[in-house]
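Engineer: Show me the folded form of this:
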Amino acid sequence: MATMAQSISRSAIGLGLFAVITGGTIALTQAVTKERIAEQTARAEAAALFEIIPESAHSNDMLNDTISLPDAAVLNSGETPSAWVARQQSDLVGFIIPVTATDGYSGDINLLVGITPSGELLGVRVTGHHETPGLGDRIDTRKSDWVYQFNGHSLANTSGKQWNVKKNGGEFDQFTGATITPRAVVKAVHKTLVYVREHQAQIRQSLGLPVERGNREQRNAVASHFPEPEH
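Structural biologist: Coordinates of the predicted model:
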């Protein structure tokens, strides 16, 4: 009987030690890799920023030239997201806004959306996603050129109905076997342009530009982009 009790006691101690060592190893690994992951994420984000607005196209320190965005909950990119600003001497080249599409096939899709002062898209890049390999992951420039088709589009040259994939009557290509992912990205980019147009007075003020009050025609142009029908 005593032998059995000793055996149970040794097993319990062994399991306890195993749990402590395993937990400690996981905690240590997380602590060691956390900083490295953050550094890699920041590096990837910086690379994407300079893909949208190359260093040769601006003269300021874009990574440290930022403005806070007003009323930006619609962008789903954090409580107080900031936009990176690119300037060539005293001229504004454009700004890049972080956005999260929350309706991807496999969860959130993090984007950077570059916009000129006149509201034209400089470029879009995907900085994080969990989309299906071989299908939805073609939003990534390492997998396809799909995301480049946004370049040059704006609210002025693309109507509200066109901000959708071709399968749903829109302007943008979908992927074979994957419609939800590209549609989520198109929707997020469109929403970003509308956000900028609606908040152009505050954004221009933050950028140090003269505030231009939108005329009736501009307000109607924004209104024409809502509501966006879902199919």
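
Engineer: Check what pLDDT Glu120 gets.
Structural biologist: Glu120 carries a pLDDT score of 96 in this model.

Engineer: Can you verify my assumption that it contacts His153?
Structural biologist: Yes. If you go by CB atoms under 8 Å, Glu120 and His153 touch, sitting 7.4 Å apart. From N, CA and C alone the C-beta is placed, and that goes for glycine too.

Engineer: Give me the helices and strands touching the longest helix along the chain, please.
Structural biologist: Assignment by DSSP state H gives helix 2-52 as the longest helix of the chain. Under the contact criterion of 3 or more CB pairs under 8 Å, 6 or more residues apart in numbering; DSSP states H and E, helix 2-52 touches strand 107-115, strand 121-128.

Engineer: So which residue is dead centre in this structure?
Structural biologist: Central residue of the chain (CA atoms, centre = their mean): Leu111, 2.0 Å from the mean position.

Engineer: how about the lengthiest strand in the chain: buried residues?
Structural biologist: Criterion DSSP state E: the longest strand present in the chain is strand 91-104. For strand 91-104, burial by neighbour count (16 or more other CB atoms under 10 Å) applies to 92-101, 104.

Engineer: Please identify which of these is nearest to Ala42.
Structural biologist: Ala42 has its nearest neighbour among those in Pro98, at 12.4 Å by CB to CB.

Engineer: Surely the closest one touches Gly114?
Structural biologist: No. Checked against CB under 8 Å, the pair Pro98 and Gly114 is beyond contact range at 10.9 Å.

Engineer: Over stretch 150-163, what's the mean pLDDT, rounded is fine.
Structural biologist: Averaging pLDDT along stretch 150-163 yields 96.

Engineer: Next: stretch 43-62.
Structural biologist: For stretch 43-62, mean pLDDT rounds to 92.

Engineer: How far does it stretch from one end to the other?
Structural biologist: Terminal residues of stretch 43-62 lie 14 Å apart, using CA to CA, to the nearest Å.

Engineer: And for it, what's in contact with it?
Structural biologist: Applying CB atoms under 8 Å, 6 or more residues apart in numbering, the set of residues contacting stretch 43-62 from outside is 63, 84-89, 93-94, 96, 112, 114, 122-125, 127, 141.

Engineer: Mind checking which of those are buried?
Structural biologist: Neighbour counting over the contacts of stretch 43-62 (16+ other CB under 10 Å) leaves 84-87, 93-94, 96, 112, 114, 122-125, 127, 141 as the buried ones.

Engineer: ok, of those residues, which one's closest to Arg10?
Structural biologist: Using CB to CB, Thr127 is the member of these that lies nearest Arg10, at 51.2 Å.

Engineer: Quick one: neighbours of the residue lying closest to that closest one once chain neighbours are set aside, just the number.
Structural biologist: With sequence-adjacent residues excluded and distances taken as CB to CB, 6 or more residues apart in numbering, Thr127 is closest to Asn110, at 4.7 Å. Using other CB atoms under 10 Å, Asn110 has 20 neighbouring residues.
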